[in-house]
Each structure stands twice: as structure tokens, then as C-alpha cells.
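Novice: Here you go, sequence then predicted model.
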Amino acid sequence: MGLDRTCKEFALLSLKLTIIATWVAAQPKPECQSNCGDISIPYPFGTGNGCNISSNFFIRCDTTSNPPKTFLSSTDIEVLHISLDGYLRIQQLVGFDCYNSLGRSSYGESFSLLNFPISNTRNKFTAIGCDTYALIEGTLGHTYSTGCVTFCSDVEDVINGSCSGIGCCQAAIPKGVRNYVLNFDTRRNHSNVLDFSPCSYGFVVEDGAYNFSVSDLSNVNFNTTKFPIILDWTIGNQNCTEAKLDPKNYACKENSVCIDPENYSCKENTSCINPGYLCKCLDGFQGNPYLSYGCQDIDECGTLKPCNETATCYDVAGSYYCSCPEGFEGDGQKNGTGCSPKVKSHQSFPTLLVALGIGILFSLLCSSWVSLGLRQRKLNKLKQDYFQQNGGILFREHLSRYKEYGETAKLFTIEELKKSDKQLP
């Protein structure tokens, strides 16, 4: 009864903690705005007045548009999604370099964001056109430049979905890029392809978010298109080891762990900005690691249902375990050994006793037989020795002489002699 009551109290406590965790996750900080339209704003981001961890994480919510739009800080960079995994999704216009029969007609686009770097693992620099040299340049403690070339003389040579250099090309983004300028060049100012490719376009786009279409080459309004870009974000300008030395400003809260980012580094360039750090809930916990008690225990029993039908699931902090009922054994898990009936030991105990008894009896009989055999051999040897010591050999010779004459003689034992002596008058 006591154990059942304890288990029930523990289950009730877990339920209360789950409710608290849900409430905390829904409100990044007390009295702070948690959404701007359909965009969630988790702490360390916020809309000001102490709701964000620093000015770099300020989110401006424009309620004059319908639905409301979310912007990063005081810029015109629209935010599409904020993830606690260390990235946010924004959108940016396409850069362009267009021509007509008279020459260049329009040109533009650069991008600058000093607070957060462009993810080099989640984005691609993409250029489209049939007479296009496209470069993306900027500073990264030093000047960097990368890009690609795309040509085609006939629209029939261009393939939908292919960015291999015929009408479309792609290049990787260097690590730690926080700004870029697009530069275009052509061989013939698109003069030989004006009818189906009057412009060169260049843009950074989330990997997989753009699928090249041949019709984009002739679309003169393609420069008004916005594509998603992934930015990386971290806390501060210290690594985990340094941040932990300052507990007052350390951002990782209970049941969380500090992580040094791997996708960009300052090791080869001492003049760049330190990448900072991230926080993550420990395994078995979920929520916001930047809020006090924001990481709460996951109820694996209710969500994963890892135990088989026979076993009982018990949720513990950061984990769970399955317990087989009495009379069963195993780990109780669906993907493990499950629960199987125990082999009852009393069923084999009588058999074991009988076998043991027979073994002991057999051993005793063998020992007795061997002992009797040894005693008989010893007695025979002793009789032989006495016989020889008392003239036995000479007596045998006398007996053999009597046998030669047909006479017989008999040997008597001491016991027979004593018996005959008692019978004499």
C-alpha cells in the first residue's frame, strides 16, 4: 500500500511539472509578447522591455500590416521562423543585373547583417542567367569572394531543376559571413540571349528552397521575388568554458547543457567575432533552455509508449523504465526482451534431489565395494604369509608324497580343530 501511494504521488508530481513546463514554454518571459502574428518569439528573442536577452535579439512586430509581420531588430529584414536550435529563417530579395538593346537597364542588391552570420551549411549561393558571371563578396575579418558561372546559347539546352552551369549554377557560402555584395558580369551584355534571358540573377537561398525553372530566365519580375535564408545565432561572444566562469550572465539554465557551435569558427582569424555558445535541454528533457526551469522532463511513457502490454512504464527525471509483473522477467520494452514467465525453480527441485540422492548412493556403493575388495585382498595376503611362515611349503611337499601313493590328507582350519576338540570325551 505504501509503495502504491508513493508511486501515485510521484505520478501526480510529474503531471504538475508537465503542466508547469507547458505554461513556461508558452510564455517565454512573464508579461512578454510570445507571438507576432503566426511567428512565435521564444526567449532569448523578445520585443523589448526586458523580454530579450540583448539588443541583438530584439524583434520588432509590425501590427500595421495584416497579418502582423516580424522584423529583426530595427531592420527591414522579415523573420519567418525562430528556432531554439540556433537558427532563424529570414527572407531577402533577389539581386539582379538586367539588360535591353541599349545596354544595362537596372542593377542591385546587397545584404548586411552584423549580428548573426549566414549559415554556411544550410544555404547556397545561386545564380541564374545565360550570360552570367555572378560573385558574392564581403568581409570576414578579411575580404572573401566566391561565385559561379552560367551560360547557354539556346533555351532548349536548359533543363528544369538542374543547376549544373547551364542556365543555373550554385556555390557554397564561406563560414561566418555576415554581409555580402553581389557583383555581376557578362560576355556580351546578354545581347545574344535577350529574347529568353535578359537578366542575371543572384541570391542566397536556403538549401532546397529553390527549384530552378527555365521560365525564371525570361521572368523580368523575378527580381521582386524573396527567398528564405537561414541565419545562425548564438549567445554572447564567449565559448562555453568562458561563459561558465560568469554564472550571473550564463544563459543556460537548469537541466540544460552548453554547446560550442561547430559550423563557424575564429581559429584561423583572430580578428573575427567570437562565435558565442548555445544552450540545449538535456536528453529526456524538452522546452526552453534559456528560461529558468524551462527544460522539463519528457513523459516518455505517455508519448513514446516504450513498454510492452505486459509491463508497467515508470517515468523518471530524464528517462523511464519498464517493470515486468511478478512472475515475469525481462526488460519489459517493446524493442527489447519484453516480459516472459519465469521458470519455476520448485518444479525441478525434487528431480534434483532424486538425482543427487542416486549419485550419493551410487558413490557409497562403489566406495564400499572397493573397500571390501581391498580388505579381502589384504586378508588373503595375510593368510598366505602365515601359511608360509608356519611351514606351509614343507607341508605341501608331504601332501604331494601322500598323493603319489594314493593316500589322501586333509588340512584343517583352527576353527575346525577347536570344534573337534570340544567334541572329544
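Specialist: Ah, there it is. Numbering: from 1, shown residues only.

Novice: so what's Arg53 closest to, chain neighbours aside?
Specialist: Quick fix: residue 53 reads Ile, not Arg. Nearest non-adjacent residue to Ile53, counting by CB to CB, 6 or more residues apart in numbering: Pro44, 3.5 Å away. To be clear about C-beta, it is placed using only N, CA and C from the backbone, and glycine gets the same treatment.

Novice: That neighbour contacts Cys252, doesn't it?
Specialist: No - contact criterion CB atoms under 8 Å: Pro44 and Cys252 do not qualify, at 11.0 Å.

Novice: do you know how far Glu300 is from Thr312?
Specialist: 13 Å (CB to CB, to the nearest Å).

Novice: higher neighbour count, the two?
Specialist: Glu300 (19 against 14; other CB atoms under 10 Å).

Novice: in which helix or strand would I find the spatially closest residue to the more buried one that is not a sequence neighbour?
Specialist: Spatial nearest neighbour of Glu300, excluding adjacent residues (CB to CB, 6+ apart): Tyr320 at 4.2 Å. Per DSSP states H and E, Tyr320 falls inside strand 319-323.

Novice: pLDDT on that strand, on average?
Specialist: What strand 319-323 shows for mean pLDDT is 89.

Novice: Which positions in that strand come out as buried?
Specialist: Buried residues in strand 319-323, counted by 16 or more other CB atoms under 10 Å: Tyr320, Tyr321, Cys322.

Novice: what's the answer for stretch 90-105, then?
Specialist: Taking 16+ other CB under 10 Å as the criterion, stretch 90-105 shows Ile90, Gln91, Gln92, Val94, Gly95, Phe96, Asp97, Cys98, Tyr99 as buried.

Novice: can you confirm Cys169 is in a strand?
Specialist: Yes - under DSSP: H, G, I helix; E, B strand; the rest coil, Cys169 sits within a strand.

Novice: Report the beta-bridge partners for it.
Specialist: Counting by DSSP bridges, Cys169 is bridged to Ala127, Ser164.

Novice: Tally up the residues packed near it, please.
Specialist: By other CB under 10 Å, neighbour count at Cys169 equals 24.

Novice: just to revisit the earlier point, ok, the residue nearest to Glu300 - contacts?
Specialist: Contacts here follow CB atoms under 8 Å, 6 or more residues apart in numbering; on that basis Tyr320 touches Glu300, Cys301, Leu304, Pro306, Cys313, Tyr314.

Novice: picking up where we left off before, which members of the buried residues of stretch 90-105 are positioned in strands?
Specialist: Ile90, Gln91, Gln92, Gly95, Phe96, Asp97, Cys98, Tyr99 (DSSP state E).

Novice: pretty sure Asn115 contacts Ser73?
Specialist: Yes - under the criterion of CB under 8 Å, Asn115 makes contact with Ser73 at 7.1 Å.

Novice: Residues that sit against both of these two, list them.
Specialist: Asn56.

Novice: Mind putting the buried residues of stretch 90-105 into a markdown table with pLDDT?
Specialist: Converted to a markdown table, the buried residues of stretch 90-105 look like this (pLDDT from 0 to 100):
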| residue | pLDDT |
| --- | --- |
| Ile90 | 95 |
| Gln91 | 94 |
| Gln92 | 91 |
| Val94 | 93 |
| Gly95 | 93 |
| Phe96 | 93 |
| Asp97 | 94 |
| Cys98 | 94 |
| Tyr99 | 94 |
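
Novice: Tell me the one of these nearest Cys240?
Specialist: Distance to Cys240, by CB to CB, is smallest for Ile90 among these, at 26.5 Å.

Novice: The strand holding Tyr320: partners in the sheet, and parallel or antiparallel?
Specialist: strand 312-316 (antiparallel).

Novice: Could you check how far the partner strand is from the centre of its chain?
Specialist: Relative to its chain's centre, strand 312-316 lies at 21 Å (CA atoms, centre = their mean, to the nearest Å).

Novice: again with stretch 237-254
Specialist: 25 Å.

Novice: measure stretch 309-321 end to end?
Specialist: 14 Å (CA to CA, to the nearest Å).

Novice: whoops, I mixed them up, stretch 153-172
Specialist: Start and end residues of stretch 153-172 are separated by 26 Å (CA to CA).

Novice: Give the buried residues for it.
Specialist: Val155, Val158, Cys163, Ile166, Gly167, Cys168, Cys169, Gln170, Ala171.

Novice: can you count the residues close to the residue nearest to Ile53?
Specialist: Neighbours of Pro44 using other CB under 10 Å come to 21.

Novice: measure it to Gln91 for me?
Specialist: In terms of CB to CB, Pro44 sits 22 Å off from Gln91.

Novice: what about the residue nearest the centre of the chain, which SS state?
Specialist: The centre of the chain sits closest to Asp283, judged by CA atoms, centre = their mean, with a distance of 8.9 Å. What three-state DSSP gives for Asp283 is coil.

Novice: Next up, the contacts around it.
Specialist: Gly318.

Novice: again, only using 10 Å
Specialist: Val257, Ile298, Gly318, Ser319 (CB atoms under 10 Å, 6 or more residues apart in numbering).

Novice: And for Ser200?
Specialist: Applying CB under 10 Å, 6+ apart, the residues contacting Ser200 are 95-99, 107, 127-134, 150, 182, 184-186, 190, 217.

Novice: Would you mind giving me the ChimeraX syntax to select the buried ones in the residues you listed?
Specialist: Buried residues among the contacts of Ser200 (16+ other CB under 10 Å), as a ChimeraX selection:
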select :95,96,97,98,99,107,127,128,129,130,131,132,133,134,150,182,184,186,190,217
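
Novice: Next up, phi/psi of Leu80, please.
Specialist: Backbone torsions of Leu80, given as degrees, to the nearest 10, read phi -100, psi -30.

Novice: if I've got this straight, Leu365 is in a strand?
Specialist: No - the assignment for Leu365 is helix, going by three-state DSSP, so no strand is present there.

Novice: Any idea how many residues pack against it?
Specialist: 10.

Novice: likewise the one 4 residues further on?
Specialist: Taking other CB under 10 Å as the neighbour definition, Trp369 ends up with a count of 10.

Novice: Just list what the helix or strand hosting it packs against, helices and strands only.
Specialist: In the assignment (DSSP H and E), Trp369 maps to helix 349-389. Helix 349-389 sits against helix 392-404, with contacts defined as 3 or more CB pairs under 10 Å, 6 or more residues apart in numbering; DSSP states H and E.

Novice: Could you pull up the mean pLDDT of the helix it packs on?
Specialist: pLDDT averaged over helix 392-404 gives 60.
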